[in-house]
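Colleague: Let's see this in three dimensions:
(one chain, ligands or ions: 2)
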Amino acid sequence: MSRVAVLYTPLSSGVRCDLCARRCIIPEGKVGFCNVRRNVNDRLLTDIYGALSIRYIDDIEKKLQYHFNPGSSTYSFGTTSCNFRCKFCINWELSTEKEFVPVVKMWPSEIVETAIKNGCQGISFTYNEPTIFFEFAYDTAKLARKSNLNTVLVTNGYMTPEAVEMIAPYIDAASIDFKGSGNSHFYRKICEVPNVQPIFECAQMLRDKRIHIEISNIVVLEHGDSDQEQYKLGKWVLDNLGPETPLHLLSFMDRCLIDHEPVGRHVIELCNDLRNLGLKYVYNDFETNTNCPECGEQLIRRDLKMFDTRYTVTYNLTSEHACPKCGTKIPIVGTCYSGRKASGFRVGGAGYLWDYPG
Ligand code: SF4
Ligand code: SF4
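Modeller: Ligands and ions are numbered 1, 2, ... in the order given. Prediction:
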């Protein structure tokens with residue numbers, strides 16, 4: 001569905017898109033870098049309003065939100081294309097559009113109704129980058145807020161300040177996915193992103209707007225696996241977002257990589273270093289439980305069995321979200337959910353049959 005875009009500036013020749021930090025200048029009849037924003041008669045149009053390539057009921061944990069309404073279900077969806085070109089993208093069929101991806105059309109009201117009908121507590125804008133389907137995410141988030149559903153933005157963080165300013169009032173939590181520890185050379189070479197500074201600024205701006213933030217960093221072997229860089233990003237999170245900001249270190253596993261044990265051991269050591277640095281909640285693929293940063297008591301256990309798509313989340317917390325052993329308050333936003341979850345199967349899916357791991 002085509003629709004007039006928000007946040008663009010008419011120029012003497014063409015228009016400038018002000019949604020993401022690329023700020024593409026788009027001549028008449030052409031599209032921007034993401035391929036889904038088009039200059040038609042010097043008006044910028046989005047081609048993907050409500051054109052969903054994937055919808056799924058997920059656990060909030062799969063959005064890399066461990067401290068936001070843990071154990072809840074979130075109605076997750078994405079469109080096609082992206083403003084990055086990450087060579088390791090697990091959703092490359094969607095983000096590159098190199099293969100035909102069937103889409104289903106939905107209105108924001110249908111998303112909200114479906115989420116409620118299926119017992120979800122919230123909605124997540126995810127799978128590909130929500131900035132490029134900004135108008136649809138914005139309208140849906142506004143409606144979700146009215147319907148008491150929470151909203152989660154899973155983003156690469158390349159939004160402009162104007163875009164953050166516009167959508168922030170309707171977003172409750174954001175997962176900001178760093179790649180290669182935020183190293184500028186890695187972003188240029190592997191993701192085709194010219195400048196990393198806007199990502200750091202976006203994270204700070206979302207934090208300043210009191211949106212719950214969790215940071216993830218995907219570590220790609222041989223390209224973005226420098227300990228020094230990971231430590232540097234951890235230090236930045238500590239200094240700029242605070243010691244209670246959850247940090248998730250993810251090892252990118254090539255689908256053909258069989259022996260990943262050495263990577264696991266390595267990541268665990270690194271996480272310990274980051275905890276010693278002062279970050280209180282550092283997670284990785286092997287350490288997904290929340291332990292008390294003061295006494296080490298296990299407080300939230302997250303189990304994901306092999307071939308299961310849903311987490312089982314169990315709690316050892318007081319009603320005030322504190323450690324029962326030493327009383328340390330754990331920063332949890334919202335409610336701790338447990339028990340029966342909304343169904344995890346694809347809801348009238350678009351015929352796109354991937355099993356999404358994240
Ligand atoms: S969203 Fe970003 S990549 Fe797409 S047209 Fe706008 S500035 Fe360019
Ligand atoms: S930003 Fe995310 S969706 Fe976009 S190409 Fe990179 S990994 Fe894929």
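
Colleague: so what's the closest residue to ligand 1 within the chain closest to, chain neighbours aside?
Modeller: Checking the chain residue by residue against ligand 1 with Cβ to the nearest ligand atom singles out residue 32 as nearest, at 2.2 Å. (C-beta placed from N, C-alpha, C; glycine too.) What sits nearest to residue 32 in space, not counting adjacent residues and going by Cβ to Cβ, 6 or more residues apart in numbering, is residue 24, at 3.6 Å.

Colleague: ok, now residue 48?
Modeller: Residue 48 sits nearest to residue 79 (Cβ to Cβ, 6+ apart), 4.4 Å away.

Colleague: Distance-wise, check the one you found relative to residue 335.
Modeller: In this structure, residue 79 lies at 30 Å from residue 335, with Cβ to Cβ, to the nearest Å as the measure.

Colleague: Compare neighbour counts for the two and give me the winner.
Modeller: Residue environment comparison for residue 79 versus residue 335 gives the larger neighbour count to residue 79, 28 against 14, counting by other Cβ atoms under 10 Å.

Colleague: So the more buried one versus residue 37, what's the distance?
Modeller: For residue 79, the distance to residue 37 equals 12 Å [Cβ to Cβ].

Colleague: got any residues that touch both of these two?
Modeller: Common neighbours of residue 79 and residue 37 are listed as residue 132 (criterion: Cβ atoms under 8 Å, 6 or more residues apart in numbering).

Colleague: related to what we said a few turns ago, wouldn't the residue of the chain closest to ligand 1 be in contact with residue 26 here?
Modeller: Yes - the pair residue 32 and residue 26 qualifies as a contact (Cβ atoms under 8 Å) at a distance of 5.1 Å.

Colleague: quick one, which of those two is more surrounded?
Modeller: The neighbour count for residue 32 versus residue 26, taken as other Cβ under 10 Å, is higher for residue 32 (24 against 20).

Colleague: Who are the contact partners of that one?
Modeller: Remark: with contacts taken as Cβ under 8 Å, 6+ apart, residue 32 is in contact with 17, 22, 24, 26, 38.

Colleague: okay, now residue 50: neighbour count?
Modeller: Quick note: residue 50 (other Cβ under 10 Å) scores 22 neighbours.

Colleague: So it sits against residue 1, correct?
Modeller: Yes - with contact defined as Cβ under 8 Å, residue 50 and residue 1 form a contacting pair (5.1 Å).

Colleague: that's a strand at residue 57, yeah?
Modeller: Yes - going by DSSP: H, G, I helix; E, B strand; the rest coil, the assignment for residue 57 places it inside a strand.

Colleague: Residue 107 versus that one, what's the distance?
Modeller: Using Cβ to Cβ, one obtains 19 Å as the distance from residue 57 to residue 107.

Colleague: I'd like to know which elements the helix or strand that contains residue 124 is packed against.
Modeller: Element membership of residue 124, judged by DSSP states H and E, is strand 122-125. With contacts defined as 3 or more Cβ pairs under 8 Å, 6 or more residues apart in numbering; DSSP states H and E, strand 122-125 has these neighbours: strand 73-78, helix 108-117, helix 134-146, strand 150-155.
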